[in-house]
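*Asks:* need a structure here:
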Amino acid sequence: MSVKKGEKKNCAEFEKELLAERELSGKRLEQLKYLHADFDNFRKIAEKQNSEVVKRANEQLVSQILPVLDDFDAVLARSKDAASESVHKKLINVLMERGLATIGAKGMFDHNLHEAICCGKSDKEDGTIIEELQKGYTLNGRVIRHSKVKVAKND
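*Replies:* Model (predicted):
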């Protein structure tokens, strides 16, 4: 079987076109990989931003509930009603399940957790918390309200 001159030329052109198409295909595959990576990065950033928005919204909501919780504590301090205590406990449990925790107001004053409202004389070392005036809270490890405290200062 013999190959004619025109067929030989067509075969060479075909091989040249095939090589060009393979090169283009490789470039497109690389572009696709980069686009896929960019999309994954975009998705991760969007998820992180959405998570932050939800966290901030939760912080705002819980911050608005705290004065109600303070009032509830004050009512319970005056009268020990079993029904009110039960509702209070349920409210606290719901908030704790969402990451709310009280800030301890014992020991030494810590400006990251406490707000010194006043000072007073005490037999304790200077800088020791001697009284909690208002509870402080963290939400998922972030302070949303500092504990308002009275601190020992012996001059």
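*Asks:* gap between stretch 101-108 and the chain center?
*Replies:* How far stretch 101-108 lies from its chain's middle: 22 Å, per C-alpha atoms, centre = their mean, to the nearest Å.
*Asks:* Other residues contacting it?
*Replies:* 113-114, 125, 127-129, 132, 135-139, 143, 146-147, 149 (C-beta atoms under 8 Å, 6 or more residues apart in numbering). No exception for glycine: its C-beta is placed from N, CA and C like everyone else's.
*Asks:* please redo it, this time with the cut-off set to 7 Å
*Replies:* With contacts defined as C-beta atoms under 7 Å, 6 or more residues apart in numbering, stretch 101-108 is touched by 113-114, 127-129, 132, 135-138, 147, 149.
*Asks:* List just the nearest of these to Leu29.
*Replies:* Nearest to Leu29 out of the contacts of stretch 101-108 is Thr138 (C-beta to C-beta; 49.7 Å).
*Asks:* what pairs with the helix or strand containing the closest one, and is each one parallel or antiparallel?
*Replies:* Element membership for Thr138 (DSSP states H and E) is strand 137-139. Each strand paired with strand 137-139, and its direction, by DSSP bridges: strand 100-102 (antiparallel), strand 142-145 (antiparallel).
*Asks:* Out of these, which gets nearest to Ser25?
*Replies:* strand 142-145 (50.9 Å).
*Asks:* so how far is the closest one off the chain centroid?
*Replies:* 12 Å.
*Asks:* now stretch 102-114
*Replies:* 22 Å.
*Asks:* so how far is the first residue of it from its last?
*Replies:* In stretch 102-114, first residue to last residue: 12 Å (C-alpha to C-alpha, to the nearest Å).
*Asks:* got it, and stretch 127-144?
*Replies:* Its first and final residues considered, stretch 127-144 spans 23 Å by C-alpha to C-alpha.
*Asks:* what's next to stretch 123-131, contact-wise?
*Replies:* By C-beta under 7 Å, 6+ apart, the surrounding residues in contact with stretch 123-131 are 105-109, 114, 120, 122, 149-154.
*Asks:* Low-confidence stretches in the chain?
*Replies:* Per-residue confidence for the chain (pLDDT under 70) gives these ranges: 1-9.
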